[in-house]
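K.L.:
just coords:
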């Protein structure tokens, strides 16, 4: 079922594919737009410098608004 | 080999600049991509990897293993025909840290037992 949330997520994903930001690499898992794999590169001069944070983002809400930002 | 089978790949570095795009067959391995990236690395960067093992490739939210092929690393929902896939490149810390000054504590470590026997 293509809810507005899923449409929003697909749109965000396409945008991320076309111009990926440098600090993160993120994509949904196969066949499930509500479950994403993400790698955040450790920012310089932080305890995570030189490393990678490997995350799985499980989106629970089907009610993500248009303007809502997701913060990790 | 028909042209349509080739995948176009671009590699984004830590500072936002890109290497590529290059075309690869889906059977190319990640190790081959790394070799190419090291060969094409811009020489004017602060950090320059010396070998393929100095870098990590990240795509689709996963760190790619050397023995995987390009075809196996395809992005899901990847309905960008003729679109360029951008992967991230990270340089291993052992190489990066070699460029900075080592702040090693030179004082010899004394092995003193600190338990007290009451």
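P.N.:
The structure has been received and is ready for your questions. Everything numeric in this text was worked out from a predicted model, so none of it was measured.

K.L.:
going on from the longest strand seen in chain A, what's the next piece of helix or strand?
P.N.:
Secondary structure of chain A per DSSP state E: the longest strand is strand A:32-41. Per DSSP states H and E, the first helix or strand lying C-terminal to strand A:32-41 is strand A:52-58.

K.L.:
report the angle between the axes of that following strand and strand A:32-41?
P.N.:
160 degrees (axes from the mean of the first three to the mean of the last three C-alpha atoms, to 10 degrees).

K.L.:
contacts for strand A:52-58 next, please.
P.N.:
With contact meaning C-beta atoms under 8 Å, 6 or more residues apart in numbering or on different chains, strand A:52-58 is reached by A:26, A:29, A:34-42, A:70, A:72, B:56, B:58, B:61-63, B:90. No exception for glycine: its C-beta is placed from N, CA and C like everyone else's.

K.L.:
Provide a PyMOL selection command restricted to the buried entries of these.
P.N.:
The command below creates a PyMOL selection of those among the contacts of strand A:52-58 that count as buried (16 or more other C-beta atoms under 10 Å in any protein chain shown):
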select buried, (chain A and resi 26+29+36+37+38+39+40+41+42) or (chain B and resi 56+58+61+62+90)
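
K.L.:
which residues of chain B fall in strands?
P.N.:
Going by DSSP E, chain B shows strands at B:7-12, B:18-24, B:55-59, B:62-63, B:85-91.

K.L.:
can you list those in JSON lines and add mean pLDDT?
P.N.:
Formatted as JSON lines, the strands of chain B follow (pLDDT from 0 to 100):
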{"stretch": "strand B:7-12", "mean pLDDT": "92"}
{"stretch": "strand B:18-24", "mean pLDDT": "92"}
{"stretch": "strand B:55-59", "mean pLDDT": "93"}
{"stretch": "strand B:62-63", "mean pLDDT": "92"}
{"stretch": "strand B:85-91", "mean pLDDT": "92"}
